[in-house]
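Trainee: Requesting a structural model of the entry that follows:
(2 chains)
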Amino acid sequence: MPSRYDTFDDMAGDSGPNRHAPRVFQPHEPADLPVPEEWPADLEALAEQLSDDARFLAERYPAPTRLTKPKSVGSAIVSKSPGHAIRRFAAVIALCLIGGASLSFWRLQPSGDLLPSRQMTRVPVETAAGATLPANMPDVTPTTVGFQDLTPPEQEAVLDLLEGDDELMRLSI
Amino acid sequence: MPQENVQRWSDAYHARIFRAAMVLSGNPWDADDLTQETFLVLAEQIDRFQGRSQPYTWLYGVLLNLDRRLRRQDGVRRRKLRVLWDNEPGETPAAPPADAPIEVAEWKRSLWAEVAKLPDGQRQALVLRFSEQLSYEEIAEVLECPLGTVKSRLFHGLASLRERLAGTADDLRTAPKFAGEDVQHAI
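Mentor: Numbering: from 1, shown residues only, chains lettered A, B, ... in the order given. Here you go, the predicted structure:
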């Protein structure tokens, strides 16, 4: 097979395999250093020794077995569709919204304006010292709020969010 | 199609590239890293392969570039460690310093340990010829140099190696093993 480069000029403009690295070839390197046709016997012996050493190293340190991706990992990755992540994200958002709505509902409770049906009975609480707390003190007992307890605009917002889940999935596709 | 080539060439040339990397680096860990990086470059830059040469000559070219970069980084690191070591007051160490390169014993006993001290051009030509058994033309492809330069590098690389070995033989007869170690004390 003839070489692509018979002279230095032939190499101009050609690109190497790695764009980041400088060329091995140095322009100042003389190409016409005298090389005898027949190599001396000791150099031939050296060349032979180099080949033997390389062969020995290759046998002593063979190439490691290449790693392959386990099938279980691959199938696990495949089973997680993009829609799965979107659904989980929408569920988390909905839960946060419900939590926030319930918190705001609970804060508005002392004024009595937004309490629809479930009026809590206020009982004076006795402290350990026997003193009685005033009955008009804000109630700090946490209440659980279900969907039915939300105001109509909040219910509508939650429903819109849940319906938007499918829409999000369509958009992602 | 290019991605199929990546897989096919990885399967076909992995062992060859690792063998050359082992001879170049002197230890299987660096050799493995170099091999992995070579095929990473293949996967990322396969579009740059224009089919004018054999895939394995292209891969050898990538490997040699990566090896030269590794040696350059290694050299800078060792020089920094050497400066720190020399500035540290204390007794002469009785063992090789921590910045000594990691090489396996078999490689250090082989001629390739001496080849590693030659200039890059000669060293790479010798590896491609006598470890990888490439033809002169293939070496010219890999090193991107004229055919005459390949022959010159091989001949003068071997001649330099012969001189180094002769010098090493003299050193072994006269020099102590570590700095500060007196031959009489060793007896």
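
Trainee: tell me the phi and psi of A:A63?
Mentor: Backbone geometry at A:A63, expressed as degrees, to the nearest 10, gives phi -60, psi 140.

Trainee: which element is the nearest residue to it once chain neighbours are set aside on?
Mentor: Nearest residue to A:A63 in three dimensions, chain neighbours excluded: B:F18, at 3.7 Å (CB to CB, 6 or more residues apart in numbering or on different chains). (Each C-beta comes from the backbone N, C-alpha and C, glycine too.) Element membership of B:F18 [criterion: DSSP states H and E] is helix B:2-25.

Trainee: ok now that helix, how far from the chain's centre?
Mentor: 17 Å (CA atoms, centre = their mean, to the nearest Å).

Trainee: and that helix, C-alpha only, in PDB?
Mentor: In PDB, the C-alpha atoms belonging to helix B:2-25 read as follows (Å, rounded to 0.1, in the frame of the first residue of the first chain):
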ATOM      1  CA  PRO B   2     -21.500   5.200  12.200                       C
ATOM      2  CA  GLN B   3     -22.700   3.900  15.500                       C
ATOM      3  CA  GLU B   4     -22.700   0.400  14.200                       C
ATOM      4  CA  ASN B   5     -19.100   1.000  13.200                       C
ATOM      5  CA  VAL B   6     -18.300   2.100  16.700                       C
ATOM      6  CA  GLN B   7     -19.500  -1.200  18.200                       C
ATOM      7  CA  ARG B   8     -17.900  -3.300  15.400                       C
ATOM      8  CA  TRP B   9     -14.500  -1.600  15.700                       C
ATOM      9  CA  SER B  10     -14.600  -1.600  19.500                       C
ATOM     10  CA  ASP B  11     -15.100  -5.400  19.400                       C
ATOM     11  CA  ALA B  12     -12.500  -5.900  16.700                       C
ATOM     12  CA  TYR B  13      -9.600  -3.600  17.900                       C
ATOM     13  CA  HIS B  14     -10.000  -3.400  21.600                       C
ATOM     14  CA  ALA B  15      -7.300  -6.000  22.300                       C
ATOM     15  CA  ARG B  16      -4.900  -4.400  19.800                       C
ATOM     16  CA  ILE B  17      -5.300  -0.900  21.300                       C
ATOM     17  CA  PHE B  18      -4.900  -2.200  24.800                       C
ATOM     18  CA  ARG B  19      -1.700  -4.100  23.900                       C
ATOM     19  CA  ALA B  20      -0.200  -1.000  22.400                       C
ATOM     20  CA  ALA B  21      -1.300   1.100  25.400                       C
ATOM     21  CA  MET B  22       0.300  -1.400  27.700                       C
ATOM     22  CA  VAL B  23       3.600  -1.200  26.000                       C
ATOM     23  CA  LEU B  24       3.400   2.600  25.900                       C
ATOM     24  CA  SER B  25       2.300   3.200  29.500                       C
END
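
Trainee: List the buried residues of that helix.
Mentor: B:9-10, B:13-14, B:16-25 (16 or more other CB atoms under 10 Å in any protein chain shown).

Trainee: returning to that earlier point: quick one, what contacts the residue nearest to A:A63?
Mentor: Counting by CB atoms under 8 Å, 6 or more residues apart in numbering or on different chains, B:F18 makes contact with A:A63, A:P64, B:A31, B:D32, B:T35.

Trainee: Good, wrapping up.
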